[in-house]
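Trainee: Sequence and predicted structure are below.
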Amino acid sequence: MVGGVGGPKLKVLVTGASGMVGRNLVDYFRDNGVDVIPTDLSGCEVNGNLLDTDFVFSRLSSLEFDAIIHLAAMTEIKKTVENPKLCFEINCLGTLNMLELASRKNVSRFLYSSSANVFGAPKSNPVTEESPFAPRVPYDYSKVASESFVMSFYKTKGVPVSITRSWLLFGAYDQPSRAMLRFIRGCLNNEPLTLFNQGRDTTSPTHAANFARLALTILEKKEAVGQAFNFGGERAVSVSEMAQLVKELTGSRSELILAPPRTELEKEPQISYPSIEKVRSVLGYRHELSLEEGIQRTIAWVKSGK
């Protein structure tokens, strides 16, 4: 563990800390003895806009921290399509500001949270770190561009960077509209679940605590510097399999309705899941929670009404 017994305690600045992944990461880090400075537009101990250079280079720069985890981004695909300029400003210029801050502060690690979306609809699975990028919408392109910015700061300024590309993350604090929470709430109420395109879309879900574990491992391991890592669950799961698993774990009487695709574009199922061999071989990473354990933890959080 970073810091170790009697060693200095790691302090990490986390952007986008009020989002689902950020909140799970902050909880996990604090539970594991890491000091965290959460920042976001609102809802955090330090609030501000990463496009505001005064906020970044005065307010954030005045703080003491050893590493940066940059999660903040405009993520809602529909909004990025409607306003690509804003998407690129937030996702790209915000990342550039944080990279410059990392360089000025001489951090021990800069972890950039990219996305599986850089690979688009992959032609083959599992997707490896060497698979070709195939971005489709502004959000995807903003992540491709920002990965280039991250690596440029590594190669020209010596900032010790790492990149993660995550598939479907879920957990406490998730948006009610996202699949896992919709399935859990629907099953707890014994409501029918409509699965468009027969629920054939396939991904690799994992609880956000597993991502937090990966992030902490990356901060600990020098082997992570200058590397990008694909990340997802221990197995590929179709939407229908995910819904069935939630139904079983909640003991629900919900009916799973296999519906046709909503559009012609959805007729071909989206199948994308990663190889996580690199995080295992390079970092020695292992999941803390299985898919079932992660769903059970999320069910408990929904039941708690928090």
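Mentor: Sure, I can see it. Since the structure is predicted, the reported quantities are computational estimates derived from the model, not experimental observations.
Trainee: pLDDT (mean, whole number) over the host helix or strand of M242?
Mentor: Using DSSP states H and E, M242 sits within helix 239-250. The pLDDT scores in helix 239-250 average 98.
Trainee: Who are the contact partners of N49?
Mentor: L41, F55 (Cβ atoms under 8 Å, 6 or more residues apart in numbering). Any C-beta I mention is one placed from the backbone N, CA and C, and that applies to glycine too.
Trainee: Can you report phi and psi for it?
Mentor: phi -100, psi 130 (degrees, to the nearest 10).
Trainee: Remind me what the top helix by length along the chain packs against, helices and strands.
Mentor: For the chain, the helix with the greatest residue count under DSSP state H is helix 138-157. Judged by 3 or more Cβ pairs under 8 Å, 6 or more residues apart in numbering; DSSP states H and E, helix 138-157 is in contact with helix 77-82, helix 84-88, helix 94-105, strand 109-113, strand 161-166.
Trainee: Tell me the buried residues in the helix holding M242?
Mentor: The neighbour-count check on helix 239-250 (16 or more other Cβ atoms under 10 Å) flags V239, S240, M242, A243, Q244, L245, V246, K247, L249, T250 as buried.
Trainee: these two touch, right, the second one and R200?
Mentor: Yes. Applying Cβ atoms under 8 Å as the test, S240 and R200 come out as touching, 7.0 Å apart.
Trainee: what sits opposite the residue sitting nearest the centre point of the chain in the beta ladder?
Mentor: Closest to where the C-alpha atoms of the chain average out (Cα atoms, centre = their mean) is S166, at 5.3 Å. Using DSSP bridges, the bridge partners assigned to S166 are F231.
Trainee: check contacts around it.
Mentor: S113, S115, A116, F211, F231, G232 are the contacts of S166 under Cβ under 8 Å, 6+ apart.
Trainee: Next: Q296.
Mentor: Contacts here follow Cβ under 8 Å, 6+ apart; on that basis Q296 touches L249.
Trainee: Which stretches in the protein count as strands?
Mentor: 11-15, 35-40, 46-47, 67-70, 109-113, 161-166, 169-170, 193-195, 202-203, 206-207, 227-231, 237-238, 256-258 (DSSP state E).
Trainee: Not counting its own residues, what contacts the fourth one?
Mentor: Contacts with strand 67-70, where a contact means Cβ under 8 Å, 6+ apart, come from 10-16, 25, 95, 98, 101-102, 105, 107-113, 215, 219.
Trainee: Adjacent strands (with direction) for it?
Mentor: strand 11-15 (parallel), strand 109-113 (parallel).
Trainee: could the strands of the chain go into TSV alongside distance to A134?
Mentor: Listed next are the strands of the chain as TSV, based on distance: least, Cβ to Cβ, whole Å:
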stretch	distance to A134
strand 11-15	27
strand 35-40	30
strand 46-47	36
strand 67-70	23
strand 109-113	20
strand 161-166	13
strand 169-170	21
strand 193-195	26
strand 202-203	16
strand 206-207	23
strand 227-231	14
strand 237-238	21
strand 256-258	28
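Trainee: Any idea which of those strands gets closest to Y154?
Mentor: strand 161-166 (4.5 Å; Cβ to Cβ).
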